[in-house]
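Enquirer: after the sequence you'll find the predicted model.
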Amino acid sequence: MTASKIVAAAASGVGGAGLDVDEVFSTFLYTGDGSGRGIVNNIDLLGEGGLVWTKERGASGDNNLIDTVRGANKRIRSDQTGAESTRSNSITSFENDGYNLSTDAAWNNSGDTFVSWTWRKAPKFFDVVTWTGSNFGGGRQISHNLGSVPGMIIIKRTSAASAWYTWHRSTSNAYTVLDASDAQDTSNTRYYFGDGTNVVAPTSTEFTTQTMNENGFTYVAYLFAHNNNDGGFGPDSDQDIIKCDSYTTSNSGTATITLGFEPQFILRKRVDSSQNWGIFDASRGIYDNNDYILYPNLTNAEAGAGNQYNATGNGFSVHEHAANATYIYMAIRRGPLAAPDDATKVFSQTSFSGNSTDNRIITSGFQTDLVIHKRRSAGAASWFLADRKRGGRGALFLLFTDGAQAQNDYSNYLQEIDLQDGVELGSNGDINGSGSTYINYQWKRAPSFCDITVHTSNGQPTQQIPHNLGVVPEMVWIKSISDSNNWFVHHKDLTSGKNLLLNSTSAETTSNSTTAAAFNATYWTPGNNGVLSGGGNNVEYVAYLFATVAGVSKVGSYTGNGASSQVIDCGFSSGARFVMIKRSDTSNDWYVWDSVRGIVSGNDARLALNANSAEQSGDDEIDPNSSGFEVPLSGGFNNNGLGPYIFYAIA
C-alpha cells in the first residue's frame, strides 16, 4: 500500500492520523502567462485523482471542469449543456502536487486572473464516477467509492448535450440544474435519481439513475460527501470537513448556520425560486463587509455581492438574502487542521526599500491572513495592520497598532491581501515611498499558532465568540473596528484579571473592567469590560489570537536576573527570527526585533508597536541564541528582579 493510500485509509476510519483539508481541497489564484505554467496546490491528482474546476475572474469566461477519470484534455462547462470537448493545449498533465497548464486562453490567457478549485478523490470527501449507458428502462445502480452516503451528486452526459442534474440530501425528492437558475423540480426526480417510478436514496456504495443511462452514451458524476461527526479527518481522525445542508432565511433575509467549523468555500443555490447559483471562497473574499461571487451557471466575471456571508469560527452567518427563502449549500472547511512544524510556512518578514509604485507585491510564501507594516526610516509613520477576515482587496480596512481609531480605508496604502502569495502595496510614502525603508510581517492562520475572529457585540459579557486556534489562546489582541477605542491585550503571564493596551506604554491594568475577559480552546467571552463590551450592541471587533507551537512560536515571560546575560529558551533549534518584549508591571514600550533588520551580538535595530517613531539602533538589547534569544545584562531588558517581561517569539 502506498503512503497516500495509507493516509486515505486513515481518513476513512482505519486508524492513525487522517487527511488534512489542504491535502484534498484547494482554492488557487493565479494570473495567466500565455505559456506553460504549473499550478502547485499540493493536491495529489496524479496518484489519487480528482476534479479541477477553473473560472476566469476578471472577464467573462466559461466554468471549465476537467477530471482525472475522463482525462486532462476533456473539458465540460457548467454554464452550458454541451458535450465534453477536447482541448489538447489546456491541462497538459496531472501531478502529485497539482497540475500543469499549456497555452489555452480559457485557463491561461496572459494577464488575466483565474481561480482554480481542486477536489481530490478521498473517502468521505469526494469521488468521480464515469459509465456508459446500457438501457433506458428501469433504474441502473452506479457504484462509487465515496465510502459514505453522498450529500450532493452532480450528473452530466458527456457524449452529447444535457443539463447538469443535481441531487442534494436536503431536498432529496427534488433536483436542481447546475447550468440554470431554475427553482428545484419535484416532478421528474424519479427519472434522474431513481428507477423511473420512485426516487431511490443513494447509499454509501451506489446511486440509482434511469434517464442518465441511455444506451451508448457516456456520463460522469461528481459525488460530494456530507460529514456528520464522522468525517475522520485531521491529526486525530475525528474532524468533519464538508457539509451539504440547507437554510431558510428570516423575514429580514438573514440566518445563522452552525457547521462545527469555519468554511473556506460555499456553493449555494436558492431552490424555492429562480436564482443563479453562487460560489464564494475565502481566497477571493468571504469578508466582513463585501463578498465576491462567481456563478457556475453563467460566464460572468467575478463581482462584488455585498455582505452575503460572514464566516465564523463554527459556521457562517447569512446576510442580504431574499426573505423567507430556502437555499441548499455545500461548505468546505478552512484548513489546515494540524499545527505547523515549520515557522517559515506561517510567518514571513521582509525589509525593503520603497519605490513609490502601486501594485508592488511583497511575497510571503503562503496565503497571508494578517499583515503588519511599518516605515523604518526617519519621520513619523504608523504601524498599518490589515487582515483577510475584514477585507482583502481595493482600499483595505486598516488599523494602527499605535492608535485607537476605528478601521478606515486608505487609497494607495495596502491594496490587496487576497493573493496566492503575499500582499500588494500602493505607492503612498508611509507604505512604499522612494528613499525610505520598511519592515513587513505576515502571518498565516494555523492551529495552535494564530487565528482571527471578527464579531459584532451584543453588549453581553458572556457572549461567546468561537475561534479555531484549537488551544487556549496565550496572547490576544482585540480592537473595536467600528469605533475609536484602545487595543485590549490578554497575555497568559499577566496578573489574573489584568490586561495591557497595545497602543500604550501603560502597565497592566484592571481599569474599565469588573469581570475579566475569558478564553478557552473553542471560544472567548468579553467579560464586563468597557473596552470589549461596554459599547453595547452592534459594535464590531476583531481579535488576533496567538499561542505556543513547539519549535515554531513561543508566548512566555521572564524576570530579569541583573547578574549576567540570560538565555530565553523558546524550544527553537535555529534561534528566533522575531521577538516582541513588553515589561508588564510598569510603563514600557512594545519593542520588536527581527533577524532581517538584525538580532546580532551587538547593537540591534528596534521598533515599538505602540509608537510611530523611526527605528532606533544604538543599543545592544537582544542577542542571538539557537534555543530562542538572549537578553544581555546591559541592554535594559534584564534588570535584577524586575519584570515580568512578557514576550512573543517566532522561530
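Expert: Cool, got the structure. Numbers count the residues shown, from 1 in each chain.

Enquirer: could you list the domains of the chain?
Expert: 20-120, 126-225, 242-333, 343-443, 450-546, 553-650 (automatic domain parsing).

Enquirer: now mean pLDDT and mean neighbour count too, for those, in CSV please.
Expert: All C-beta atoms are positioned from the backbone trio N, CA, C, and that covers glycine. As requested, the domains of the chain are exported to CSV (pLDDT from 0 to 100; neighbours: other Cβ atoms under 10 Å):
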stretch, mean pLDDT, mean neighbour count
domain 20-120, 96, 19
domain 126-225, 96, 19
domain 242-333, 95, 19
domain 343-443, 93, 20
domain 450-546, 91, 19
domain 553-650, 95, 19
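
Enquirer: of all those domains, which one is nearest Gly232?
Expert: Closest approach to Gly232 among the domains of the chain is made by domain 126-225 (9.2 Å; Cβ to Cβ).

Enquirer: from the chain's centroid, how far away is the closest one?
Expert: 32 Å (Cα atoms, centre = their mean, to the nearest Å).

Enquirer: now stretch 451-468
Expert: Chain-centre distance of stretch 451-468: 18 Å, with Cα atoms, centre = their mean.

Enquirer: do the same with stretch 67-82
Expert: 28 Å.

Enquirer: rewinding a little: save the domains of the chain as CSV, and put in distance to Gly234 too.
Expert: Formatted as CSV, these follow (distance: least, Cβ to Cβ, whole Å):
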stretch, distance to Gly234
domain 20-120, 7
domain 126-225, 15
domain 242-333, 9
domain 343-443, 17
domain 450-546, 10
domain 553-650, 20
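
Enquirer: between those domains, which one is nearest to Asp236?
Expert: Per Cβ to Cβ, nearest to Asp236 of those: domain 450-546, 10.9 Å.

Enquirer: now the end-to-end length of stretch 592-600.
Expert: 14 Å (Cα to Cα, to the nearest Å).

Enquirer: begin at 55 from here
Expert: All right, first residue 55 from here; so that's stretch 646-654.

Enquirer: helices of the chain, start to end?
Expert: Using DSSP state H, the helices of the chain run over 57-65, 75-78, 159-162, 243-246, 483-486.

Enquirer: I'd say Ser235 and Gly332 touch.
Expert: No. In this structure, Ser235 is not within contact of Gly332 by Cβ atoms under 8 Å, at 10.5 Å.

Enquirer: please enumerate the strands of the stretch 305-454 of the chain.
Expert: 309-312, 317-324, 332-335, 346-347, 357-358, 363-366, 369-372, 380-387, 401-407, 414-416, 424-429, 438-441, 451-454 (DSSP state E, counting those that start in this stretch).

Enquirer: can I get the ones you listed in TSV including distance to Ser226?
Expert: TSV is the format used below for the strands of the stretch 305-454 of the chain (distance: least, Cβ to Cβ, whole Å):
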stretch	distance to Ser226
strand 309-312	19
strand 317-324	15
strand 332-335	22
strand 346-347	27
strand 357-358	32
strand 363-366	25
strand 369-372	22
strand 380-387	11
strand 401-407	46
strand 414-416	47
strand 424-429	42
strand 438-441	40
strand 451-454	42
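
Enquirer: which of those sits closest to Asn96?
Expert: Per Cβ to Cβ, nearest to Asn96 of the strands of the stretch 305-454 of the chain: strand 317-324, 14.6 Å.

Enquirer: this completes my enquiry, with thanks.
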